[in-house]
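Q: Predicted model, plus sequence, below.
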Amino acid sequence: MNISFDLDSTLIPKGKEFETEKRNGIAKLLGIEEIRKGTAELISDLQGEGHKVHIYTTSFRTKGKIRWTLKYYGIKVNRIVNQTENQKVLKSRKINSSKFPPAFDFELHIDDLKGVGIESERFNFKAIIIEPIDKNWIEKIKKGIQKTFELRILKRLLKELWLQSDNCTEPIESMWFSIQEVAKSTGNTRKEIRKYLYLLVDNNYLELKSEEPLLFEFTEKGKKIKTDLEIEKIIKNVG
């Protein structure tokens, strides 16, 4: 998954908002900025899980300066979007928002501003809002990423099942083919995708109509699922 991080008050402090990693006197002279303690380990963990990590900031820092600071702490990221690029892209797409991660193919954005959280609801993008004083910020981020990851798989599975059932009007005949397609497109194993199938069956969104031939159908409850919010409720209720 493509995950983007804000900088100011999220990873880089404004004052003494949170504990930071150590930096030596030479680093200070070279303009290396402070960074939130635990950042390098968190990003390394996410990258180890197969996620791509990016920086998305409304700061006018140059991309070179940002990379210079991150490199000092042993952090490598894929893409950096600063305010110069952000303004240009959002203006060209006529998006009236301070940030819009999907414009840069970012699937989840992590920020400190509640305003970004409001924009995420208004413009339908995924965001985790972390307060600067939150000492459990890493745990909150990891839980939020897991939820987003689960939602992504479930949405892809439902999309495939809607297609195979002609929008819930016909039995699903090729369930194992559907599972294989979802596994391919999400980079997960078929075993992992089956967990989400069983989740839908166990919670009465799908039902097994026949074992020979193998047929599934959406229940009346399952036919009502149409929006991202309704899919999120499935994950939330099960969790």
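A: Perfect, thanks for sending it. Residues are numbered from 1 along each chain as shown.

Q: outside of stretch 215-227, which residues touch it?
A: For stretch 215-227, contacts defined as Cβ atoms under 8 Å, 6 or more residues apart in numbering pick out 158, 161, 165, 168, 171-173, 175, 200-201, 204-209, 230-231, 234. C-betas here are computed from N, CA, C, even on glycine.

Q: Okay, and which of these map to helices?
A: Of the contacts of stretch 215-227, the ones assigned to helices by DSSP state H are L158, L161, M175, L200, V201, E230, I231, I234.

Q: wait, what's in contact with the third one?
A: Which is M175. Contacts of M175 by Cβ under 8 Å, 6+ apart are Q164, L197, L214, F216.

Q: Now with 6 Å, please.
A: By Cβ atoms under 6 Å, 6 or more residues apart in numbering, the contact set of M175 is F216.

Q: so how far is T62 from it?
A: Using Cβ to Cβ, to the nearest Å, M175 is found at 52 Å from T62.

Q: mind checking how far the residue lying farthest from the centre of the chain is from E170?
A: The centre of the chain is farthest from one residue, E212, which by Cα atoms, centre = their mean lies 39.0 Å away. Distance from E212 to E170, counting by Cβ to Cβ: 18 Å.

Q: how is this protein carved up into domains?
A: Annotated domains of the chain cover 2-135, 140-238 [automatic domain parsing].

Q: related to what we said a few turns ago, from the contacts of stretch 215-227, which would you call buried?
A: Burial by neighbour count, judged by 16 or more other Cβ atoms under 10 Å, picks out L158, L161, S165, C168, P171, I172, M175, L200, Y205, L206, I231, I234 from the contacts of stretch 215-227.

Q: Now flag whichever of these is closest to P102.
A: Ranked by distance to P102 (Cβ to Cβ), the buried ones among the contacts of stretch 215-227 are led by I231 at 17.4 Å.

Q: can you pull the contacts of that closest one?
A: Each residue near I231 by Cβ under 6 Å, 6+ apart is listed here: L154, K155.

Q: Look up which residues are beta-bridged to the spatially most central residue of the chain.
A: The centroid of the chain falls nearest to L108 when counting by Cα atoms, centre = their mean (3.1 Å). In this entry, L108 is beta-bridged to I3, by DSSP bridges.

Q: and it, what is it in contact with?
A: So L108 contacts I3, K126, T148 (Cβ under 6 Å, 6+ apart).

Q: just checking, what packs against the helix or strand that contains K91?
A: Using DSSP states H and E, K91 falls within helix 83-92. The contact analysis (3 or more Cβ pairs under 6 Å, 6 or more residues apart in numbering; DSSP states H and E) places helix 83-92 against no helix or strand.

Q: 10 Å instead, please
A: The elements that helix 83-92 packs onto, with contact taken as 3 or more Cβ pairs under 10 Å, 6 or more residues apart in numbering; DSSP states H and E, are strand 52-56.

Q: picking that back up, can I get the helix holding K91 in PDB, CA atoms only?
A: What follows is helix 83-92, C-alpha atoms only, in PDB (Å, rounded to 0.1, in the frame of the first residue of the first chain):
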ATOM      1  CA  GLN A  83       3.800  22.400  -1.400                       C
ATOM      2  CA  THR A  84       5.200  23.600  -4.700                       C
ATOM      3  CA  GLU A  85       4.100  20.400  -6.400                       C
ATOM      4  CA  ASN A  86       1.000  20.000  -4.300                       C
ATOM      5  CA  GLN A  87      -0.400  23.400  -5.300                       C
ATOM      6  CA  LYS A  88       0.400  22.900  -9.000                       C
ATOM      7  CA  VAL A  89      -1.300  19.500  -9.200                       C
ATOM      8  CA  LEU A  90      -4.400  20.300  -7.100                       C
ATOM      9  CA  LYS A  91      -4.900  23.600  -9.100                       C
ATOM     10  CA  SER A  92      -4.700  21.700 -12.400                       C
END
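
Q: Cool, thanks, signing off.
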